[in-house]
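Student: Could you work out the structure for the sequence below:
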Amino acid sequence: MQLYSFFNSSTSYRVRIALALKGLDYTYQGINIRVGEQRSADYQALNPSQGVPLLVADNGTAISQSLAIIAYLDDVYPGPKLIPEELLAKTRVLELANAIACDMHPVNNLRILGYLKNELGIDEQQKTTWYNHWISEGFAAVEALLSRHGHGQYCFGDAPTLADCCLVPQVANAQRMGCDLSPYPKVMAVYRYCQQQPAFRQAAPGEQPDFIG
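Tutor: Sure thing, here's the model as predicted:
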């Protein structure tokens, strides 16, 4: 397998966590989205969405979108399962994962922040206000979901799921942007526990070959 990734991309980070949890080998291909490598003609031919991650499977199938990639990996390489098979457990994992992947990440990713700054002319303080607003709204919802349904060391029990794959990169991004995460103790407890686990450490931005310090 080949993974097209950027070290600081939270969506790429999700997939790296999943690959590490499943113990899967892959070739890493860095795509520097800060300088626009995702818009090159060669890369667009592979991924018309012009984003990362992109996984090229062993059979040559190219898959974009992190949640689709992880679902594919879960079907092809079932152990350990990241999306539970039991209906209610599956529903809760997908509920929390989508609260992050659909409500939080899209409004705060590099492409959106770049458009706000370069096309709409917002300044750095306005960008920070925007970012913090959506982080606060999103993590308030995630904290509530964990309070209602979460249990164990991870989001849902004593084994990692797709929910943890999404939560950890979003917390890392928020920390990097200087957000106050103290109002979300359950979120942070899961994050801290995951940070102690080898697969999560292996997938961290600082461990990637394209890391820029």
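
Student: contacts, neighbours, all on C-alpha from now
Tutor: Fine.

Student: okay, stretch 94-112 in PDB with CA atoms only?
Tutor: What follows is stretch 94-112, C-alpha atoms only, in PDB (Å, rounded to 0.1, in the frame of the first residue of the first chain):
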ATOM      1  CA  LEU A  94     -20.000   6.900  13.900                       C
ATOM      2  CA  GLU A  95     -21.900   9.600  15.800                       C
ATOM      3  CA  LEU A  96     -18.800  10.900  17.500                       C
ATOM      4  CA  ALA A  97     -16.500  10.400  14.600                       C
ATOM      5  CA  ASN A  98     -18.800  12.400  12.300                       C
ATOM      6  CA  ALA A  99     -19.200  15.100  14.900                       C
ATOM      7  CA  ILE A 100     -15.500  15.700  14.400                       C
ATOM      8  CA  ALA A 101     -15.100  14.800  10.800                       C
ATOM      9  CA  CYS A 102     -18.200  16.600   9.500                       C
ATOM     10  CA  ASP A 103     -18.900  19.500  11.900                       C
ATOM     11  CA  MET A 104     -15.500  20.500  13.200                       C
ATOM     12  CA  HIS A 105     -12.700  19.700  10.800                       C
ATOM     13  CA  PRO A 106     -14.200  21.000   7.500                       C
ATOM     14  CA  VAL A 107     -14.700  24.600   8.700                       C
ATOM     15  CA  ASN A 108     -11.200  24.800  10.200                       C
ATOM     16  CA  ASN A 109      -9.000  23.000   7.600                       C
ATOM     17  CA  LEU A 110      -6.100  24.700   5.800                       C
ATOM     18  CA  ARG A 111      -8.100  25.200   2.600                       C
ATOM     19  CA  ILE A 112     -10.900  27.100   4.400                       C
END
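
Student: next helix or strand past the helix or strand hosting Tyr193?
Tutor: Element membership for Tyr193 (DSSP states H and E) is helix 185-195. Counting by DSSP H and E, the element after helix 185-195 in chain order, helix or strand, is helix 198-203.

Student: Enumerate the positions of that next one that are buried.
Tutor: Residues Ala199, Phe200, Gln202, Ala203 are the ones in helix 198-203 that count as buried (16 or more other CA atoms under 10 Å).

Student: So which residues make contact with it?
Tutor: The contact list for helix 198-203 (CA atoms under 8 Å, 6 or more residues apart in numbering) reads Tyr13, Arg16, Ile17, Ala20, Leu21, Cys194, Gln195, Glu207.
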